[in-house]
Each structure stands twice: as structure tokens, then as C-alpha cells.
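*Asks:* here is the input, now give the coordinates:
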Amino acid sequence: MERLLHHPVIMRSHIILMYASLPDEVYTIDTLERLRLAGKRILLPEVTSETDMQLRVYGGPATLHEGSFHILEPTGELCDEAEHIDVAVIPGMAFDREGHRLGRGKGYYDRFLNRVKTYKIGVCFDFQMMDQLPHDPHDVMMDEIIY
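*Replies:* Numbers count the residues shown, from 1 in each chain. Below you'll find the model as predicted:
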């Protein structure tokens, strides 16, 4: 997360799509707060159906509650500025060196990221980096992976 915080794209960004980490993902909760306190507008996903998610503004740790799939979701205002996201920081079960991402199988991020044009940074642990992953034409590739 330190490398992410000092990444040039993050440093110059104003609106950042992040995620509230699950126990098996790179821990982001402290990073969310650091970015928010640095004046960044942080957006987090909220699952709204079996196929869709929407974005809400992160307003601090007290504004998170357990939502779908035991993911911490924000209670902040609904975001209507997805087209203005400067960078998206995306979790995954695995990534490959070409930028492919293996998610949890529901396709929420792929469907969402197919609708917006933004720089995409995947974050993972070393052991989640693979030489090659299977992928489909609808899968959205990451522009960069930090591990």
C-alpha cells in the first residue's frame, strides 16, 4: 500500500475507485483513510443486485457497514461521477503479467469497468501473480499490477 500511495497516478488523482478489503485481500482500510485525509474523493462499490454494483463516497471508517458477501460497503452519498474516476484500484484472486485478472467469478468489476475509461491498477500479494491466466474477451485488463 505504501507503493500505491506514492504512485504518480494516485498522487495526481482526485477521484479514486478503491475497495474495502476482505481478510484474504491486500489490506486497504488504513489506505482509504489516508487518501481521504489527503483530500482525495474515494469511491467504494456497493453491490445492488446479483449482477450490478454502484459507487458510494467513502466518508471514513464509521461510514462502512457489512454488505453483500461480507464486504464492507459505504453508506455515503451515491456517486454519479463514475465517468470522472481518475484511477481504479482493483482486487483480484490472481493476476498475470499481461494484466489479466481473475476475480471471484461474479463479474461485477468487469461489467463496471467496461462502462468507464480510467487507469486500472490491480493490487495483490506476490503469490497471486501468475505467468498466465485464462481469460475471456469480456474480461477487463489492468493497466498495471502492484504486488
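*Asks:* chain neighbours aside, what residue packs nearest to residue 107?
*Replies:* Nearest residue to residue 107 in three dimensions, chain neighbours excluded: residue 51, at 7.4 Å (C-beta to C-beta, 6 or more residues apart in numbering). Bear in mind the C-beta positions are built from the backbone N, C-alpha and C, glycine included.
*Asks:* kindly report the same for residue 94.
*Replies:* Take residue 94 and drop its neighbours on the chain: the residue closest to it by C-beta to C-beta, 6+ apart is residue 102, 4.3 Å away.
*Asks:* try residue 122
*Replies:* In this structure, residue 122 finds its nearest non-sequential neighbour in residue 142, 3.9 Å apart by C-beta to C-beta, 6+ apart.
*Asks:* tell me which helix or strand the one you found sits in.
*Replies:* Following DSSP states H and E, there is no helix or strand that holds residue 142.
*Asks:* I'd say it and residue 119 touch.
*Replies:* No - applying C-beta atoms under 8 Å, one finds residue 142 not in contact with residue 119, separated by 9.3 Å.
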